[in-house]
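J.: Sequence isn't available, so here's the structure alone:
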């Protein structure tokens, strides 16, 4: 298969999709939800093939691979929820007369084509396709091979329903061959944004090997710093929640920084504070400042708040970090100087999530410095363009002084 | 010199600079303007050395290299104008209660460290340093070697005045060794954004060889499409302005697309229409769809508007493209389907410029798809972070259903 040509087809279709009216995109989403419900028995049957082929996979992986009545309800509810969300495209961000009859608007528009590479979770395929349709972006999807039968029938169902509802052909494509990834990440002309999901090493590989902008995160090394003026009851509760509420998430805290004045008391009170025992490991070397994704946490005692801030900026992954303190000035300093997408005061790092931020849908979490940063909602799938309308206006008139700009914002 | 270490020093200082109050940053700017005025004779003397060493350079290059009383007035006026502009940092973009006592804000903040590689124009060094100070970003500057004496004294003057005014040491650094560029573009930990200026080939080289986000543009292949329903008087005027008003700019039109019904008349009326004769070259092959930066323009006759749109999306550089028509529907179609940072209706492509858009200062023009896109003002030098303030809020309470989110925007 010629993946460059395929990417060009999706690119070409994305231009039409991007200018499709909101009503049509929402109708396509409803058609997709209905088609998934209608074909559910065939989908479950295909999923059974994947589950059988993967019967010796680890239990959590099998759990994600499974696509049953419950998952179907989740994804169709998700699609219908998405229909209710405001169209992220076509929003006027700025409107300005540059001069009499010369009118400038900055308006949001779809990014173009999004390449999404995701793990063996068939529900992710449905979510991602719906997000792309809602935001008017073409999509090239590469799912985990363990889910290949389920992915195929889900994609075919979605594609057929959407094209029948009026979306342009080739508005999305499913890639089944893993070796295609290396070719896709070179399609700088046709793919505008990559969203890799999966292992840190994989995400890092994509980030290092593609000139296409990448939205995502590799490591999630989040910190909790307990200040000398912390309320230690809150501190214990927040450490336990940030570490144990869901241990495999990227917003789980991995390193605990304790001010020397309260370190001893915190370490005495932590054992047994949560439902599950956590192993608190005193930092010995830089190698301990790592992501465990397990019931383990590195502990470092610091002289003062500035040492904590410097540690986080140096060893963190700019994801989400929290200070526990009752001193507002200490909190302000921390929230200003810590260079992360999320800087929290007396709250669990686990709140770093698009749904918990009230975005309605989550595209992913980005630890890059340029926007969109942190949890990304639907508005992370649009960019903007400038539309200028004149009546034969030329720059020579302004350069010569015959005319001058009269900026007037609307 | 260890450039990685230097980049780390600037990174570290940038954290303090980024949280310096607006007043301090503005005071530093005033101190810089005053210091440049005070040391002007020494600066002109250093500039003379560069001009003598470069005496056999082409005249336009020497013009850019020259730093005289007039240029000094320009840059100090530029600095004082910048002081008047609103602080791009610290703006609240979103403010939301997630629940009782759990308060989220999305607030703009400096990006961190900007690496700027610029041509042999000493005034650019002053402009870029001032923009970085105003926006709270650390700066690593590499100027053209032809301006080395001027760059050195300008940088030293700026640095000393700013540190004396209270900015942190190492808030900026000047790189004089060209071979350092290849090392700098690998400093992904310390440099957050690269802004390369100069030749297309050079910008493309940086874009292809760095994992650091790059803001800028290589080619500027802008189009004018004259629709069958164009007012041909406007069309002629706009073609002439877009092509000849300043022929070396990236927003100069390079390809003229003519609807077949008006092509003959336009081609008859164009010769002699402007002050300078332009060579209109009929398109023979794809190689003609290029950037001339000269009084030359490729002409292609198209069957209809859709062919023009497809041509622009395929061969353009997503910079700025214009349609000339009196038909509003044709204009809307063009402005929706052309995938460029600027899509114009009856206006010259030469308007694509931060000052003409009323931004007060221009950082550059970006042809990337992700924001910031098009002409970038001071607000392109900031990103944002999320600050969450709670009172011991944990996610477990929401996961268990004990509490629920009550989103309330401010």
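T.: Good, I have the coordinates. From a predicted model like this one, the values you see are computed outputs, not experimental measurements.
J.: per-domain residue ranges of chain A.
T.: Listed by automatic domain parsing, the domain ranges of chain A are A:3-215+A:376-385, A:222-351.
J.: Any chance of TSV for those, columns mean pLDDT and distance to chain B?
T.: In short, each C-beta sits where N, CA and C put it, glycine included. Formatted as TSV, the domains of chain A follow (pLDDT from 0 to 100; distance: least, C-beta to the nearest C-beta, whole Å):
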stretch	mean pLDDT	distance to chain B
domain A:3-215+A:376-385	95	4
domain A:222-351	97	3
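J.: now these as a markdown table including mean neighbour count?
T.: Converted to a markdown table, the domains of chain A look like this (neighbours: other C-beta atoms under 10 Å in any protein chain shown):
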| stretch | mean neighbour count |
| --- | --- |
| domain A:3-215+A:376-385 | 19 |
| domain A:222-351 | 20 |
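J.: Output those domains as CSV; include the columns distance to residue B:145.
T.: Putting the domains of chain A into CSV (distance: least, C-beta to C-beta, whole Å) gives the following:
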stretch, distance to residue B:145
domain A:3-215+A:376-385, 27
domain A:222-351, 33
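J.: Could you look up the SS state of residue A:284?
T.: coil (DSSP: H, G, I helix; E, B strand; the rest coil).
J.: got it, and residue A:344?
T.: In three-state terms, and counting by three-state DSSP, residue A:344 is strand.
J.: wait, what's in contact with the residue nearest to it when sequence neighbours are not counted?
T.: Using C-beta to C-beta, 6 or more residues apart in numbering or on different chains and skipping the chain neighbours, the partner closest in space to residue A:344 is residue A:322 (3.8 Å). Applying C-beta atoms under 8 Å, 6 or more residues apart in numbering or on different chains, we find residue A:322 in contact with A:222-225, A:238, A:242, A:253, A:343-349.
J.: From residue A:111, how far out is residue A:11?
T.: The spacing between residue A:11 and residue A:111, counted by C-beta to C-beta, to the nearest Å, is 11 Å.
J.: same question but for residue A:319, I mixed them up
T.: Taken as C-beta to C-beta, the span from residue A:319 to residue A:111 is 23 Å.
J.: cool, residue A:19 as well?
T.: 14 Å.
J.: cool, residue A:280 as well?
T.: From residue A:280 to residue A:111 the distance is 43 Å (C-beta to C-beta).
J.: Tell me what the residue nearest the centre of chain A is bridged to.
T.: Nearest to the geometric centre of chain A sits residue A:364, at 1.0 Å (C-alpha atoms, centre = their mean). Residue A:364 has the following beta-bridge partners by DSSP bridges: residue A:376.
J.: wait, isn't it in contact with residue A:216?
T.: Yes - at 5.6 Å, residue A:364 and residue A:216 qualify as touching, with contact defined as C-beta atoms under 8 Å.
J.: which neighbours do the two share?
T.: A:195, A:197.
J.: Pretty sure residue A:191 is one of the things residue A:116 touches, is it not?
T.: No - if you go by C-beta under 8 Å, residue A:116 and residue A:191 don't touch, sitting 10.2 Å apart.
J.: Next, the residue nearest to residue A:140 when sequence neighbours are not counted: secondary structure please.
T.: Spatial nearest neighbour of residue A:140, excluding adjacent residues (C-beta to C-beta, 6+ apart): residue A:115 at 4.7 Å. Secondary structure, three-state DSSP: residue A:115 is strand.
J.: From residue A:174, how far off is residue A:115?
T.: In terms of C-beta to C-beta, residue A:115 sits 12 Å off from residue A:174.
J.: what's the answer for residue A:70, then?
T.: With C-beta to C-beta as the criterion, residue A:70 and residue A:174 are 24 Å apart.
J.: now do residue A:47
T.: Separation of residue A:47 from residue A:174 (C-beta to C-beta) stands at 16 Å.
J.: quick one on the thing from earlier: residues contacting the residue nearest to residue A:140?
T.: Going by C-beta under 8 Å, 6+ apart, residue A:115 touches A:139-140, A:142, A:184-185, A:187, A:191, A:193-195, A:212.
J.: want to try a markdown table for those, with distance to residue B:156 as columns?
T.: A markdown table is the format used below for those (distance: C-beta to C-beta, whole Å):
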| residue | distance to residue B:156 |
| --- | --- |
| A:139 | 52 |
| A:140 | 51 |
| A:142 | 52 |
| A:184 | 48 |
| A:185 | 44 |
| A:187 | 46 |
| A:191 | 45 |
| A:193 | 42 |
| A:194 | 43 |
| A:195 | 45 |
| A:212 | 40 |
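J.: Now, these that are in strands?
T.: Those of the contacts of residue A:115 mapping onto strands are A:139-140, A:142, A:193-195, per DSSP state E.
J.: ok, and what's touching the host helix or strand of residue A:104?
T.: Per DSSP states H and E: residue A:104 is located in strand A:102-110. Residues from elsewhere that reach strand A:102-110 (C-beta under 8 Å, 6+ apart): A:14, A:17-18, A:88-98, A:135-137, A:379, A:381-391, A:393, B:347, B:351, B:357.
J.: swap the cut-off to 6 Å and go again
T.: With contacts defined as C-beta atoms under 6 Å, 6 or more residues apart in numbering or on different chains, strand A:102-110 is touched by A:18, A:89, A:91-98, A:135-137, A:382, A:384-390, A:393.
J.: which SS class is the closest residue to residue A:145 other than its chain neighbours?
T.: Sequence neighbours aside, residue A:178 is the residue nearest to residue A:145 in space, at 6.2 Å (criterion: C-beta to C-beta, 6+ apart). At residue A:178, secondary structure determined by three-state DSSP is coil.
J.: Kindly provide the distance from residue A:178 to residue B:386.
T.: Relative to residue B:386, and taking C-beta to C-beta, residue A:178 is found at 35 Å.
J.: Please apply the same query to residue A:146.
T.: Going from residue A:146 to residue B:386 by C-beta to C-beta gives 34 Å.
J.: Which parts of the stretch 251-400 of chain A are helices?
T.: Secondary structure of the stretch 251-400 of chain A by DSSP state H, counting those that start in this stretch: the helices cover A:263-269, A:305-315, A:328-337, A:396-399.
J.: out of those helices, which comes closest to residue B:168?
T.: Residue B:168 sits nearest to helix A:328-337 of all the helices of the stretch 251-400 of chain A, at 12.0 Å, using C-beta to C-beta.
J.: Quick one: residues in contact with that closest one.
T.: Residues contacting helix A:328-337 (C-beta under 6 Å, 6+ apart): A:227, A:305, A:309, A:323, A:325, A:343, A:345, B:15, B:19, B:387.
J.: Nearest to residue A:82 among the residues you listed?
T.: residue B:387 (27.7 Å).
J.: mind listing what that closest one touches?
T.: Contacts for residue B:387 (C-beta under 6 Å, 6+ apart) come out as A:335, A:343, B:105.
J.: I'd like to know which of the residues you listed is nearest to residue A:31.
T.: Lowest distance from residue A:31 to those (C-beta to C-beta) belongs to residue B:105, with 38.7 Å.
J.: what bridges to that closest one?
T.: Beta-bridge partners, per DSSP bridges, of residue B:105: residue B:95, residue B:387.
J.: what's the answer for residue A:300, then?
T.: Per DSSP bridges, the residues bridged to residue A:300 are residue A:257.
J.: hang on, isn't it packed against residue A:258?
T.: No - with contact defined as C-beta atoms under 6 Å, residue A:300 does not count as touching residue A:258 (7.3 Å).
J.: Next, find the distance separating the residue nearest to residue A:145 from residue A:117.
T.: For residue A:178, the distance to residue A:117 - C-beta to C-beta - is 9 Å.
J.: Then residue A:59?
T.: Separation of residue A:59 from residue A:117 (C-beta to C-beta): 24 Å.
J.: Also residue A:253?
T.: Distance, residue A:253 to residue A:117, using C-beta to C-beta: 27 Å.
J.: What of residue A:153?
T.: Distance, residue A:153 to residue A:117, using C-beta to C-beta: 20 Å.
J.: Repeat that for residue A:23.
T.: From residue A:23 across to residue A:117, the span is 31 Å (C-beta to C-beta).
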